[in-house]
Every structure is written in structure tokens, then in C-alpha cells.
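Engineer: Please work out how this folds:
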Amino acid sequence: MPVDTKNVANRRELAFADFDALLADVDRVELAARGGKARTLGNWSVAEILDHLAIAMEFAYAAPPFKIALPFKVVGRVGKTLFFRGFVRSMLKPGFKLPKAARAMEPAPGTDLDKSAARFRAAAKRLRDREPTSVPNQMLGRLTMDQLHFLHLRHAEMHLGFVRLD
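Structural biologist: Sure, this is the predicted structure:
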């Protein structure tokens, strides 16, 4: 039975100041996972979480294979214009279900930790190093590099919060 991630207790409270802090946490998480000292509180493994985060980051450089419905675009553009930071935090809550059209953002079940960790690091370092992006965000439109960093760091905090290091 899938976990209702809206109601998961004891998640790690994370606040990444930058991509170096995120990458350092992922190093700890990966080491713990390899030593059997990491457990996830949600429905995805550590490998699947890292793969999902990498997929989301990669969409800053290549258009995703899906389109966001117009109402979501309108809400996203208004939210970006009026209150970007609060809007991003509100849309990155546990329990959000991806629309069927956006299932390309879901990791493949049984994703390999080596591959997903390498994919994540490559995507995170591209953003950390401020490599210019090529496509606008489907929901939020064109974002500055600072806005992209804010979005992806908050996204990573939410998902990596489901990983307990025992």
C-alpha cells in the first residue's frame, strides 16, 4: 500500500543555502544508503529520489516531453510575478500528485543508486556552475538563475527530507 506522503511524520527539516550544501547532503545520504543506514519514509528509494531530482533539473536545459495545461501555466505565471518565493514553497508540499501528462518526471522503479547519483550530481553541478539554461520552465516561464536555484533547492529539501539517516 502506498504511503500517504502528505501525512508522513519525522521528515528531516532541510534548508540548503546553495548547491554545495545540497551536494554535501547527497554525499551523506548516498554513503548512508550504501551502508544500509538510510531509510525512506515515502514511496521512493534514495535512488529514485535522486533520479527524480535530476530529471527536474535537466528540464532547465531540454524541454520536457509533456505540456502543462493552460490553467496551471496561468496560475504559475501569476504566482511567479506576484509572490515567487511563497508560491514555490506552497507548490512543493509533500503529497503532490503529478498529472498523468507529467509522468516523465517520475523515476523508473528500481533505479540504480550509482546511475541516479551520478545523474543527479551532473545535473546539480550544471545549475551550481550557472550554466545558461535553454528552455523556460513550463509552468513558471523564463526564470533567472537565482530563481532556478531557489526552485531546485526547495524541491530537493522536500524530497530529501523523506530520507532518514539512521
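Engineer: Surely residue 12 and residue 160 touch.
Structural biologist: Yes. Contact status for residue 12 versus residue 160: in contact at 7.0 Å, counting by C-beta atoms under 8 Å. For the C-beta atoms, the positions are set from N, CA and C on the backbone; glycine is no exception.
Engineer: Those two: which is more packed in?
Structural biologist: The residue with more neighbours, out of residue 12 and residue 160, is residue 160; 22 against 14, by other C-beta atoms under 10 Å.
Engineer: how about low-confidence regions in the protein?
Structural biologist: Using pLDDT under 70 as the threshold, the predicted model of the chain has low-confidence ranges 65-66, 69-76, 79, 82-83, 99, 101-102.
Engineer: which residues in it form helices?
Structural biologist: Using DSSP state H, the helices found in the chain span residues 19-34, 46-58, 70-91, 113-128, 145-160.
Engineer: most packed of these?
Structural biologist: With neighbours defined as mean count of other C-beta atoms under 10 Å, the helices of the chain peak in mean count at helix 46-58, which reaches a mean of 22.
Engineer: Contacts for that one, please.
Structural biologist: Contacts with helix 46-58, where a contact means C-beta atoms under 8 Å, 6 or more residues apart in numbering, come from 26, 29-30, 33, 38, 40, 44, 104-109, 111-113, 115-117, 119-120, 122-124, 126-127, 152, 155-156, 159-160, 162-163.
Engineer: go on, stretch 103-115?
Structural biologist: Contacts made with stretch 103-115 from outside it, assessed by C-beta under 8 Å, 6+ apart, are listed as 30, 33-34, 44-52, 55-56, 59, 64-66, 98, 116.
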